[in-house]
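**Q** coords below, sequence missing:
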């Protein structure tokens with residue numbers, strides 16, 4: 001198990017590794033954690049493809065980063081994780097433009113919003129946070145596999161996964177819906193997917209590793225969208241107060257994903273998060289996630305359901321043995 005060095009800044013300590021990062025895709029790169037990850041990677045010399053639902057907001061973010069990092073190498077392209085056709089179109093475009101992909105950062109997410117459905121009829125949080133990234137990873141995995149060296153898939157989870165479970169009997173929240181339960185389920189799904197992907201990659205002796213991370217509590221626009229969409233001024237006020245009192249900055253919240261994406265000592269199947277109180281803030285370290293997140297039978301079932309729902313599949317062997 002690797003030992004983290006603690007901060008974004010420390011990634012630059014010692015020999016210069018900027019040329020080793022290569023080409024990176026960051027979903028949700030125009031705001032919050034995705035913006036900070038993109039800026040930090042650009043500072044280290046990576047070429048970052050900013051996969052954004054809104055091209056206009058993506059271009060605005062690109063200009064903001066370029067103003068701070070004049071040497072930044074950035075490309076903005078449309079990706080709507082709530083639309084599987086958009087996911088497939090993004091992957092097709094990327095493969096037509098790039099011969100290599102070194103890191104895929106599955107970062108974008110929606111948190112605790114009123115129930116609605118994606119273009120394909122999925123509960124929105126499960127559809128965007130898990131299924132959209134599941135499909136995107138499947139489409140881009142062949143390019144990750146053919147890229148020289150060890151490449152990575154980094155998937156963003158949340159401490160909200162801890163008390164959650166996958167409700168296979170009501171996966172889309174059609175019978176009963178709780179915004180926070182749906183969010184927790186989607187974040188547990190992220191971990192189950194990340195770990196199962198790594199098991200299958202190892203079984204295939206692939207050069208790709210799958211790593212998971214979480215930001216703790218970081219102050220971003222993510223917290224206000226649910227209260228705004230539900231029209232709850234009380235919840236909005238409480239989120240603003242929590243951001244002011246508990247949260248760390250978006251820049252600090254981006255550190256676990258950046259560490260997972262760039263540190264040469266990271267191993268597949270690891271989980272990176274802040275080391276402070278209740279893992280809400282602090283410097284990145286390797287952590288353990290919930291017992292449910294390591295349940296291989298649940299991960300296998302979720303994988304099969306996800307392939308059925310999205311219509312995509314991975315050319316990877318099924319792992320029967322219960323090993324980590």
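**A** Right, received. Where do you want to start? Just so you know, these numbers come straight off a predicted model, no measurement behind them. Numbers count the residues shown, from 1 in each chain.
**Q** burial measure for residue 74, as a count.
**A** Here the number of neighbours of residue 74 (other Cβ atoms under 10 Å) works out to 23. C-beta: built from backbone N, CA, C; applies to glycine.
**Q** I'd say it and residue 48 touch.
**A** Yes. Applying Cβ atoms under 8 Å, one finds residue 74 in contact with residue 48, separated by 5.4 Å.
**Q** Could you tell me which residues touch both of these two?
**A** Shared contacts of residue 74 and residue 48 (Cβ atoms under 8 Å, 6 or more residues apart in numbering): 38, 42.
**Q** what about the residue lying closest to residue 160 once chain neighbours are set aside, which SS state?
**A** The spatial neighbour of residue 160 that comes closest, neighbours along the chain excluded (Cβ to Cβ, 6 or more residues apart in numbering), is residue 184 at 4.5 Å. What DSSP: H, G, I helix; E, B strand; the rest coil gives for residue 184 is helix.
**Q** give me every residue that touches residue 184.
**A** By Cβ under 8 Å, 6+ apart, the contact list for residue 184 reads 158, 160, 161, 162, 163, 164.
**Q** again with residue 203
**A** With contact taken as Cβ under 8 Å, 6+ apart, residue 203 is in contact with 316, 317, 319.
**Q** hey, where'd the helices end up in the stretch 151-300 of the chain?
**A** Using DSSP state H, counting those that start in this stretch, the helices found in the stretch 151-300 of the chain span residues 179-203, 222-230, 233-245, 250-253, 255-262, 296-310.
**Q** Between the ones you listed, which one is closest to residue 26.
**A** Set against residue 26 and scored by Cβ to Cβ, those come closest in helix 255-262, at 8.7 Å.
**Q** Am I right that residue 139 is in contact with residue 87?
**A** Yes. Counting by Cβ under 8 Å, residue 139 touches residue 87, with 6.8 Å between them.
**Q** Look at the two and report which has more neighbours.
**A** Using other Cβ under 10 Å, the more surrounded residue of residue 139 and residue 87 is residue 87, with 28 against 21.
**Q** where along the chain do the strands fall?
**A** Assigned by DSSP state E, the chain shows strands spanning 23-27, 47-52, 73-78, 103-106, 151-156, 208-213, 271-274, 284-286.
**Q** Can I get the ones you listed in JSON lines including mean pLDDT?
**A** Below are the strands of the chain laid out as JSON lines (pLDDT from 0 to 100):
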{"stretch": "strand 23-27", "mean pLDDT": "98"}
{"stretch": "strand 47-52", "mean pLDDT": "98"}
{"stretch": "strand 73-78", "mean pLDDT": "98"}
{"stretch": "strand 103-106", "mean pLDDT": "98"}
{"stretch": "strand 151-156", "mean pLDDT": "98"}
{"stretch": "strand 208-213", "mean pLDDT": "98"}
{"stretch": "strand 271-274", "mean pLDDT": "97"}
{"stretch": "strand 284-286", "mean pLDDT": "97"}
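**Q** Can you tell me which of these is packed in deepest?
**A** Ranked by mean neighbour count, the strands of the chain are led by strand 103-106 with a mean of 28 (mean count of other Cβ atoms under 10 Å).
**Q** Residue 253 - how many residues pack around it?
**A** 26.
**Q** Please report the distance of it from residue 163.
**A** 21 Å (Cβ to Cβ, to the nearest Å).
**Q** so what's residue 141 closest to, chain neighbours aside?
**A** In space, and not counting its chain neighbours, residue 141 is closest to residue 314: 6.3 Å by Cβ to Cβ, 6+ apart.
**Q** Tell me how many other residues crowd the one you found.
**A** 19.
**Q** ok, now residue 97?
**A** 11.
**Q** same question, the one 3 residues further on
**A** As a burial measure, the neighbour count of residue 100 was computed by other Cβ under 10 Å and equals 14.
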